[in-house]
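> Sequence and predicted structure, then a few things I'm wondering about:
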Amino acid sequence: MSTDKFAVVDTETNWYDEVMSIGVVVAESETMKKIDSIYYIIDPAYRVGGMYSNELRVDEEGVCVASRSQALNEIKQWLDSYNVQKLFAYNARFDKMHLPEYSRYKWYDIMRLAAYRQYNRAIPDTADCYRTGRMKRGYGVESILIMLSENHEYMETHNAVLDAEDELQIMQLLGHGLSEYDIAFISD
């Protein structure tokens, strides 16, 4: 069995569009099963507040509060310990733009497959789509995960590590191998 790994990254930003939290999940490439996760709250950026500040969970056990440089260095060391080369994110351009320090990694957009009829068999025939097959609306993480899982009680938390886990679940439910995400590669 392959020992290759990849990571799913999610960030939350404050009112000034600065990263206030980062969640990362490492998974095995062949099975897409979660191996490990890490979560950082960025100080002082989180103190500014933001739309999802109430989901930061600063006081929970295992939460690391650190400066941006410390958090990014420690996450990089952690990713390197798993030999991760590929980062996946939902709407990856957003996360990649907010994490320029991670430009050496190869970035892929989960949304590129999830929002397109030809890659997501759960998109209903009644969905309003462009000629390209992309849905015109309703293709956020919450909508797509409800569509794929048929769990109509699911609500996206907007906590970076929990959202990264949800985005990995989208990849699992789509059922595509990592090579199919080559079309979702984000170039500079």
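Great, that's in hand.

> tell me which element the most far-flung residue of the chain relative to its centre is part of?
The centre of the chain is farthest from one residue, Thr126, which by Cα atoms, centre = their mean lies 27.4 Å away. Assigned by DSSP states H and E, Thr126 falls within no helix or strand.

> Quick check: it vs Ile183, distance?
25 Å (Cβ to Cβ, to the nearest Å). For the C-beta atoms, the positions are set from N, CA and C on the backbone; glycine is no exception.

> what ranges of the protein fall below the confidence cut-off?
Along the chain, the model assigns pLDDT under 70 to residues 1-3.

> Tell me where it has helices.
Along the chain, the stretches classed as helices by DSSP state H are 45-48, 68-81, 92-98, 111-114, 141-149, 160-174.

> out of those helices, nearest to Arg134?
Arg134 lies closest to helix 111-114 among those, at 8.9 Å (Cβ to Cβ).

> Packing partners of that closest one?
Applying 3 or more Cβ pairs under 8 Å, 6 or more residues apart in numbering; DSSP states H and E, one finds that helix 111-114 contacts helix 141-149, helix 160-174.

> rerun that using 10 Å as the cut-off
Judged by 3 or more Cβ pairs under 10 Å, 6 or more residues apart in numbering; DSSP states H and E, the packing partners of helix 111-114 are helix 92-98, helix 141-149, helix 160-174.
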